[in-house]
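Student: Compute the structure for the input listed below.
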Amino acid sequence: MDDTFGQRLRRLRDERRVSQYDVAEAILGRRDRAGEVSRWESNKNEPSHENLRKIAAYFSCSIDMLLGVASSNFVAEPERVPAHPTGGSPV
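Tutor: Now for the predicted structure:
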């Protein structure tokens, strides 16, 4: 994946037909902060870790996808790990 965070964010926004105002309201709590979303999309600024988490939740995608580490939007369910490897209780 050679595209930037801003390009991926813009693509997600376009695919879901939401405006920068909608994203600003959902992530930043105020529609009038759409300029911040614009700066993210133009790679002039990066969202905080907390806002990155909110963006991933809003678009139902992984943070890895947003950062370009993974190409899929799919958010995998966490694996269930047994309490003890042998299936019994620890001694």
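Student: Could you find the residue nearest the spatial middle of this structure?
Tutor: Nearest to the geometric centre of the chain sits residue 56, at 2.1 Å (CA atoms, centre = their mean).
Student: Could you identify the helix or strand that succeeds the helix or strand where it lies?
Tutor: In the assignment (DSSP states H and E), residue 56 maps to helix 49-59. As assigned by DSSP H and E, the chain's next helix or strand after helix 49-59 is helix 63-67.
Student: What's the mean pLDDT across the helix holding residue 56?
Tutor: Over the span of helix 49-59, the pLDDT mean works out to 96.
Student: got a list of contacts for it?
Tutor: The contact list for helix 49-59, computed with CB atoms under 8 Å, 6 or more residues apart in numbering, reads 9, 12, 16, 23, 26-28, 47, 62-63, 65-67, 73, 75. For glycine as for every other residue, the C-beta is placed from the backbone atoms N, C-alpha and C.
Student: ok, residue 7 to residue 29 distance?
Tutor: 25 Å (CB to CB, to the nearest Å).
Student: now do residue 16
Tutor: Taking CB to CB as the measure, residue 16 falls 19 Å from residue 29.
Student: Could you do residue 58 as well?
Tutor: Taken as CB to CB, the span from residue 58 to residue 29 is 12 Å.
Student: For these two, work out which one has more neighbours and name it.
Tutor: Neighbour count, other CB atoms under 10 Å: between residue 58 and residue 29, residue 58 has more, with 17 against 9.
Student: If we go by neighbour counts, what in stretch 15-35 is buried?
Tutor: 20, 22-28, 33-34 (16 or more other CB atoms under 10 Å).
Student: Now tabulate those residues in JSON lines and tack on distance to residue 3.
Tutor: Formatted as JSON lines, these follow (distance: CB to CB, whole Å):
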{"residue": "20", "distance to residue 3": "18"}
{"residue": "22", "distance to residue 3": "22"}
{"residue": "23", "distance to residue 3": "18"}
{"residue": "24", "distance to residue 3": "22"}
{"residue": "25", "distance to residue 3": "25"}
{"residue": "26", "distance to residue 3": "22"}
{"residue": "27", "distance to residue 3": "20"}
{"residue": "28", "distance to residue 3": "23"}
{"residue": "33", "distance to residue 3": "24"}
{"residue": "34", "distance to residue 3": "22"}
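Student: Okay then, goodbye and thanks.
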